[in-house]
Every structure is written in C-alpha cells, then in structure tokens.
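K.L.:
Give me the fold of what follows.
(chains A and B)
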Amino acid sequence: MKKLMLGNEAVARGLYEAGCRLVSGYPGTPSTEITEAAALYPEMYCEWAPNEKVALECAFGASLKGARAACTMKHVGLNVAADPLYTLSYTGVNGGLVVCVADDPGMHSSQNEQDSRHHAIASKVPMLEPADSAESREFTMAAFELSEKFDTPVLLRMCTRISHSQSLVEVGERADVPLKEYVKNPQKYIMAPANAIRRHPVVEERMEALTEYAEDCPLNRVEYAADGNRELGIICSGTCYQYVKEIFGDNANVLKLGLVNPLPVKLIIDFAFSVNRVVVIEELDPVIENHCRSMGLDVEGKDKFPIVGEFSQNLIRRVLGMEVPESTSADEQIPVRPPVMCAGCPHRGLFYTLAKNKVTVIGDIGCYTLGSAQPLNAVDSVLCMGASVAGIHGFNKIGEGQNKTVAVIGDSTFMHSGMTGLVNISYNDSKSTVIILDNSITGMTGHQQNPTTGYNIHGDPATKVDLEAFCRAIGINRVRVVDPYDLDACDKAIKEELAADEASVIISRRPCVLLKSVKTKAPLTVDTDACRGCKKCMKLGCPAIHMENGKAVIDATLCVGCGVCEQLCAFGAIREN
Amino acid sequence: METKNIMIVGVGGQGSLLASKLLGHLLCQEGYDVKVSEVHGMSQRGGSVVTYVRYGDKVYSPIIDKGEADYIISFEKLEAARWVSCLREGGRIITNIRETDPMPVITGATEYPHEVLNSLEGKGVSIDQLDALALAEEAGSQKAVNIVLMGRLSKYFDIPTEKWTAAIEECVKPKFVELNKKAFELGRNSK
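P.N.:
Below is the predicted model:
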C-alpha cells in the first residue's frame, strides 16, 4: 500500500530498506526529519552528533567496519563536513556510505543559499537528486548500490520542497545486507602523501567511469512530448522537473537528471540535437548549464532565469513567455509577520538586558538570532555556527572595547563548534565574555537533544556535558550561571563580567518554554487603572503584549506568566490574576 | 481530474499541521494522488506559515502559485488577506475572524487593517468568515480551531461526513476524538 511521506521520511525509509546500519546527523532545516524518522527504525543505530564533521566521520567508521552507513545535514553543514568528504573521495568505502544533504533555495531557514552541487564537483563524489518522496526512497537505495559499485561515498541532494513535501511512496522490506569483512588496507585508508598520491588517479578514473555510467543509467531519463512537438527541450532535475511537468504535463521534451554529478555528455548532446531549442531550468547556480556550454552547446539558462531564490510554476511560465493565472490582492498594506521569540522565551530577558546596557553582541545561529529583530535590536552580527565565540576573540584583539562586547551562543551550537573558539579565547587570552544561552534543547530545528541535555535521540538518559566544568577545565576561571527570567541578576552578571580583567562565561540557563516538561504559570494581567501607558513593557517585544486605547493588554492565550514584563513595570500594573 | 489546490495559512504554532494531515489522509483514502507541502524551521516561531495541499489524478508541483488556489483556509484574518493573491478566479477563502497582531503592529510601526476582508469582498472575493475560536471553545478546546475550519471546508466537498469523521479518528489521539468531532460539526453547521 502507498503511504503519504515527507521526502525526508522517505529517505529514512530508503536507508532502512537498503539495510543501512548506522545514521549520524546534526539537525538543520530542512534535513532534520531524515534522522528523526530513521531513529524510529530499531534496526538502525541512530544518533545526533555534535556536528556534521563528526557525523560524517562516524559514518565513515561504520563503513570502514563493513556496514552500510549514512549521515545527514543541511547545506551549510556540508561545509563543516567538507574536510572528511574530500578525502573520503580518495579512500573510498568498505560498506556503502551515503551523505544526505538538504539545500534551502529561498532561504526559508538558512543564512545562505549555497548550492551543494559545487561540493560534489569539487570533492569528485557522485550526487543524486530526487524529485519527490518516491524517488527519495529509491535514490537513497540506489546511492548505496553506487557507493559500493564505484567504491565511493555518494551525496544525496535534497532541497526544502522535496524534504518537506509529502507525496505517495510504495514501501518495501528491509534488505538483508551482510557486513563486509574489514581488512586492514593502509594503501587505501591511510591518506598520508605517499598513499594519497596513488589514490588521486583512482578518483579521476572513477569519475570517468561514473560519467560513462551516467550516459544510460536509470537515474537519468528522457521524456518526449506526447504531441510530437520537438521545438522546446528542457534539461532539469529535482523540484524544477515537477514545475516543468506542472506546466506542460505530457507535452514536454524533458531530460530529467537524477545523477547530477557527474553529468552525462552524450546523453545531453543527443537530447539537444533532438529538439530545436534547449533551456536548462535549474535553481541556484548554473551547474548543468555550464556543463552544457563546456561541451559547446548553445543552451538558454541563467540569461533568463534567476540565480537567486526559489522557482515556481509561474516563474517558469513567465520566463518562457507563457500566460500566468489572474490574481487579486488587497489594497491595504498588509503588515509583515516575521518570526519572533515566543512568549516566555528565556532568551528575551537576557537580550533586553544586553540592549539596555548598549552591549555589542556577536551572535550565532539558533532561535536567539531573533534577538536581532525589533524592538530588541540586540545583535550586531550572525555569520555561521560557532562564529560568535571565535569572532569575539578577534574583535577584542583589535583596539579597545572588550568591556562592551559579548558573544552569545546556544547550548547546541556551543557543542557544535563554539567550544574550540572558547579554547582560543582562553589560550590566546582575549579577556572576552561569552554567554551560553542554555535552553536545554536544540530549539530552532524543533527540539532535538544534544550533548548538554542529558538525553539521546530516543529521549533515553545519556551522558550530560557539564558546561561549567568544561569551561573551567579549558582555563576559564570566571564561570557563573544566571536565570534569564531574573532581570536584576542578568544585569549584575553582565556588568560584572564585562568589567572583569579576564575571560569569562555566563551561562544563561532556563529550558525552552515550548518543552513539554516545562510547567508554565498562569497568564499575567494588566491593571488598567494602574497602567500609565508608558510602553516600557513593549520594549521586550513579547508577542503576548500589545497596546489598546493607550494601555497595555496581555493576551491570556499566549502569556505563560514568565514575569519578565512584571519586573519592568514601574507602576506595579502587571500582576498575577 | 484536474489538480485541486487547498492552502492552509496562519501563524506559526496554530496547528495547521493537523489540518493538513487530516486532509492528506482523507484525500489519499479517496484514491487521489496527493502532495502536501509545509515549511518547517524558523518561520514556525510565530511567523506567517503556509501549507499547500494538492490532489488530483497526478500532482506534480509541490506548491500552489498565484491565482491557483481553489480554497484558502486561514486561521487568522490578516493571513487570509496576505495570501489572497494565490486564490484563483472563483476560488473561496474560509477564515477565522480572529486577529493576532504581528510584531510590527505590536511595536506600533504599522496598523492592523481591520477592514481588509470587507474590502476584499467588495472586490468580488468569496469569503466565508466564522469565529472559529469561539466554536473551538464551545467544542471544548481553543486548539480545535483547525478542525472547526476543516468542518467548514467539508461543506464545499462532495465527500460524505462519515469519511471526514473517520479521518479525524485516524489522525487524532483517541482521547481527543469526541472533542474534535464536535468541533468539526460546529464548523460545518454554524452560520
């Protein structure tokens, strides 16, 4: 029977059916549900790793031992895992090894829009790209076959619209794939120069063999228009294939590429000569287009289509000069509705205090990036995972100002890549102040456990990293914990640690208010007689508070009684009911 | 059958995932090809969220574009107006009339356009407005707004009520089935 599955769930199903034994990942939208869904199959060992590099190296270890293994990450995670990936291309694998990576065209939940196909090309690793959930399952299984046949890791490229779309999948049984024997093989697995120089030609030969394979493999296919019109031919992959089919139905000449690295040569040339005009439709960078041009084919592509952002059926219709459906819109200005910190978010009190003290804040990746939004406006920079802790060190090494600057980083992000930056602060002595926003969970991606929470991916008890002991062990003498709901305590801690003449860590500790284990209080109310309408409480940017007729009003359906606004009210107008 | 398009829009955290799960389940049972697309991650934190449900003989694109939606189901008034450009000619909006202020309104940077639905109706847009929150509370929980709206949507479908309630039984925890059935009835039958 067919089941409606997310693309990510279908990848997990493919891992299961392919006999994969180990899955390691780091959460990142839109990839997170692959590992979460995989963890529901007890036949596979699944875990959250502290970062993507660890996840890939863990999967490598399992492959070396002879098992089929996989790792998962979002597109920027592949940058973190690039180091092992590029050399795994040289070593090859023992058991099949699949690296699942999810791109985010349109940046629904990402800091950039990079195209992970460039990593496939640069690392010389084959990459598959499914176009719906059924293909997500099939291509995952095919990736293991390719991995073992060509002795290479294989990248599986997902994107937001494939990862987070549910479509029908016909599922099968789990294959019984025996462990391969582990045989010590230094020439293959020790990538010291003398061995690596002998492996590089192997990589080049493999790419040639894979290009040969791409010419007639079942992952790539040509569909000709049912009406026999050969005017327009379209080369595409992934979501773009769906948009093209949406527009043309069966009356399209399409070369659909499932193996997006390496790209075929003869297949593309034959297709190009079977139609009058070739248009390459691909989101993000002109990878397929440049390949076509390198073969001397005169194709259309990014001269018409944008490099930036997601495509859609109407975007393609418009570019191809076709009619788009009529639509209407409101005459009124529709206010934007950006994401906000939740009512009762433990980060709010801390960011309020930082803004009040006019502190420069080197930020990081997580829910707390929202501290940058109005009205808190409390963050100065956000670059990538871990860059707050590493960045403040350089910031403080240049001139004055270390007593006016902090780095803020979440618990999971600190484990991911903030730790090494803190070692640098300690070792190279920058007297920086780092605030770890410990909300006891990986928040933004939807509540995944991490090494500081005390639970593993299944929610079972696990070793819990002691943040205070860790910071002290690497040489930070000033380590203190504050409750971000206590504004006075936050203010005191920030002032004292910024004034100190040595490096310090403030752990702002309170669990995410959305956690089921958190008991919230009754909503607060405003005594309208006492409220003077000074709007001080509005400075918090709490979605539960708004003004009505010059007085503050608290929305009882949103308020969780955190009491931060109550501390700000000079007139005692906000109180428990 | 030509592909039909339903959008579910609202504010992150309002429960649109259950509504799309219910629709997806029901439409699969009816034998259609179905695609359901949602966006996870950052926009869930109180931001504007949208889910696309598409069904027919064969569904290709995972998204619904401007001028394509047969129905827009909205959990909040402003969100109905935000996405109206996706409605096709002759399509219908079904919306909760409650207002949730977005942050630029809360901070006073801009104002909430309270009359926006009336002016859209003035432009000929079909809008079915109901106080879904009041009906959900009558059913027993504020959280049942999603099923109230599904009840109202069901009025416009040829699918028998029993199949909708069977889908509710499949998609919600047993202890909430009765509450949600009541919410569905209230949404379907209210004026």
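K.L.:
OK, contacts around B:A183?
P.N.:
Neighbouring residues of B:A183 by CB atoms under 8 Å, 6 or more residues apart in numbering or on different chains: B:L135, B:A136, B:A139, B:G140, B:S141, B:A144, B:I147, B:V148, B:G151. Every C-beta, even on glycine, is put in place using the N, C-alpha and C of the backbone.
K.L.:
Can you tell me the SS state at A:P84?
P.N.:
helix (DSSP: H, G, I helix; E, B strand; the rest coil).
K.L.:
How about the secondary structure of the most centrally placed residue in chain B?
P.N.:
Centroid-nearest residue in chain B, with CA atoms, centre = their mean: B:I73, separated by 2.8 Å. Secondary structure state of B:I73, per three-state DSSP, is strand.
K.L.:
same deal with B:K175?
P.N.:
Following three-state DSSP, we place B:K175 in the helix state.
K.L.:
Now do it against A:T91, distance only.
P.N.:
53 Å (CB to CB, to the nearest Å).
K.L.:
more crowded one of those two?
P.N.:
More neighbours surround A:T91 than the other of B:K175 and A:T91, with 25 against 7 (other CB atoms under 10 Å in any protein chain shown).
K.L.:
residues touching A:A330, list them.
P.N.:
A:A330 makes contact with B:A81, B:V84, B:P113, B:V116, B:S119, B:L120, according to CB under 8 Å, 6+ apart.
K.L.:
Out of those, which are close to chain A?
P.N.:
Among those, proximity to chain A is found for B:A81, B:V84, B:P113, B:V116, B:S119, B:L120 (CB under 8 Å from any CB of the partner chain).
K.L.:
Just give me the neighbour total for the closest residue to A:Y455 other than its chain neighbours.
P.N.:
Computed as CB to CB, 6 or more residues apart in numbering or on different chains, the closest residue to A:Y455 that is not its neighbour in sequence is A:Q449, at 4.5 Å. When neighbours are defined as other CB under 10 Å, A:Q449 has 21 of them.
K.L.:
Pretty sure A:Q449 sits against A:D460.
P.N.:
No: the criterion here is CB atoms under 8 Å, and A:Q449 misses it with A:D460 at 9.4 Å.
K.L.:
quick one on the thing from earlier: mind checking which of the contacts of A:A330 are in helices?
P.N.:
Counted as lying in helices by DSSP state H, out of the contacts of A:A330, are B:A81, B:V116, B:S119, B:L120.
K.L.:
before we move on, back to that, would you format the contacts of B:A183 as CSV with distance to chain A, secondary structure and pLDDT included?
P.N.:
Below are the contacts of B:A183 laid out as CSV (distance: CB to the nearest CB, whole Å; DSSP: H, G, I helix; E, B strand; the rest coil; pLDDT from 0 to 100):
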residue, distance to chain A, secondary structure, pLDDT
B:L135, 15, helix, 97
B:A136, 11, helix, 97
B:A139, 16, helix, 97
B:G140, 15, coil, 96
B:S141, 12, coil, 93
B:A144, 13, helix, 95
B:I147, 17, helix, 97
B:V148, 15, helix, 97
B:G151, 21, helix, 98
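K.L.:
between the residues you listed, which is closest to A:P105?
P.N.:
Proximity of the contacts of B:A183 to A:P105, judged by CB to CB, is greatest for B:I147, which lies at 33.4 Å.
K.L.:
what sits against A:G418?
P.N.:
A:G418 touches A:D364, A:M385, A:G386, A:S388, A:V389, A:A390, A:I409, A:V434, A:I436, counting by CB under 8 Å, 6+ apart.
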